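Trainee: okay, predicted coordinates and the sequence, questions at the end:
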Amino acid sequence: MKNKLRIIGGEWRSRQLHFTDLPGLRPTPARVRETLFNWLQADIIGKRCLDLYAGSGALGFEAASRGAKSVTQVEQNAEACRSLKENAVALAASQIRIVQMDVLRYLAGDSEAYDVVFLDPPFAKNLVVPSCQWLEEKGWLTPHAKIYVETECKLDLKGLPENWQCLKSKSAGEVGYRLFERSG
């Protein structure tokens with residue numbers, strides 16, 4: 001079964017993305033994406049973005065639509081990757097690169113620094129803190145990178161890198177979302 005969501009801003013505003021219905025896949029809702037991209041409006045154009053646990057691709061495609069220079073989407077599930085590739089072709093999104101791989105395995109590889117990172121792992125898998133630590137420790141972030149983290153509302157985020165400052169924090173239903181900035 002195919003699900004749909006709409007891009008809410010930028011070049012592809014109102015265009016639909018189709019994604020496969022998979023267990024645990026929960027695209028970031030439109031109102032949360034709108035809030036996030038309002039927070040990031042000055043930090044997307046011309047920037048390099050990394051979309052970890054890409055799933056439906058909502059965050060990465062939204063960033064590309066709003067002028068990101070490049071977006072790398074990392075997703076382990078083959079069906080989800082197939083949908084990401086189909087959407088990239090449909091949008092002629094040449095700035096999007098899709099990598100089918102486990103995120104922690106990807107982060108263990110050769111790093112390149114990104115300006116904006118979207119981190120929305122499956123809930124109840126304890127992936128947030130290790131992913132954040134590896135982003136910091138393995139050189140994946142520019143000196144003042146912005147990192148968006150979407151989790152269960154009640155998740156304890158102890159263990160995040162000490163040089164990350166929380167700029168914004170909100171919740172919507174059972175979802176908590178935060179924007180951090182790395183200090184050099």
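Mentor: Thanks, I have the structure now.
Trainee: who does the lowest-mean-pLDDT helix or strand in the chain touch, helix- and strand-wise?
Mentor: Least confident element among the helices and strands of the chain, by mean pLDDT, DSSP states H and E: strand 2-6 (a mean of 83). When contacts are defined as 3 or more Cβ pairs under 8 Å, 6 or more residues apart in numbering; DSSP states H and E, strand 2-6 packs onto strand 16-20. (Glycine included, C-beta is placed from N, CA and C.)
Trainee: for the chain, what's the longest strand?
Mentor: strand 141-152 (DSSP state E).
Trainee: separation between R6 and K69?
Mentor: 23 Å (Cβ to Cβ, to the nearest Å).
Trainee: can you check I96 too?
Mentor: Taking Cβ to Cβ, one finds I96 at 11 Å from K69.
Trainee: so what's the residue most central in space within the chain bridging to?
Mentor: Compute the mean C-alpha point of the chain, and by Cα atoms, centre = their mean the closest residue is F118, 2.6 Å away. On the basis of DSSP bridges, F118 is bridged to D51, Y148.
Trainee: quick one, what contacts the nearest residue to R97 once chain neighbours are set aside?
Mentor: Excluding its sequence neighbours, the residue lying closest to R97 (Cβ to Cβ, 6 or more residues apart in numbering) is T72, at 4.9 Å. Applying Cβ atoms under 8 Å, 6 or more residues apart in numbering, one finds that T72 lies in contact with R48, C49, L50, D51, G60, I96, R97, I98, V99, Y114.
Trainee: so which of these sit within helices?
Mentor: G60 (DSSP state H).
Trainee: just the closest of the contacts of T72 to R182, please.
Mentor: Y114 (10.4 Å; Cβ to Cβ).
Trainee: that closest one contacts C49, correct?
Mentor: Yes - taking contacts as Cβ atoms under 8 Å, Y114 lies within contact range of C49: 6.3 Å.
Trainee: what about those two, which has more around it?
Mentor: C49 (28 against 23; other Cβ atoms under 10 Å).
Trainee: for the more buried one, what are its contacts?
Mentor: Taking Cβ under 8 Å, 6+ apart as the test, what C49 contacts is G60, A63, A64, A68, S70, V71, T72, Y114, D115, V116, V117, F118.
Trainee: give me that answer again for 10 Å
Mentor: Taking Cβ atoms under 10 Å, 6 or more residues apart in numbering as the contact definition, C49 lies against 40, 43, 59-60, 62-64, 66, 68-73, 95-96, 114-118, 146, 148.
Trainee: from N126, how far out is it?
Mentor: From C49 to N126 the distance is 24 Å (Cβ to Cβ).
Trainee: ok, W39 next?
Mentor: 26 Å.
Trainee: these two: which is more packed in?
Mentor: Set side by side, W39 and N126 show more neighbours around W39, with 16 against 11, by other Cβ under 10 Å.
Trainee: for that one, give me the pLDDT.
Mentor: Looking at W39, its pLDDT is 96.
Trainee: done for today, thanks.
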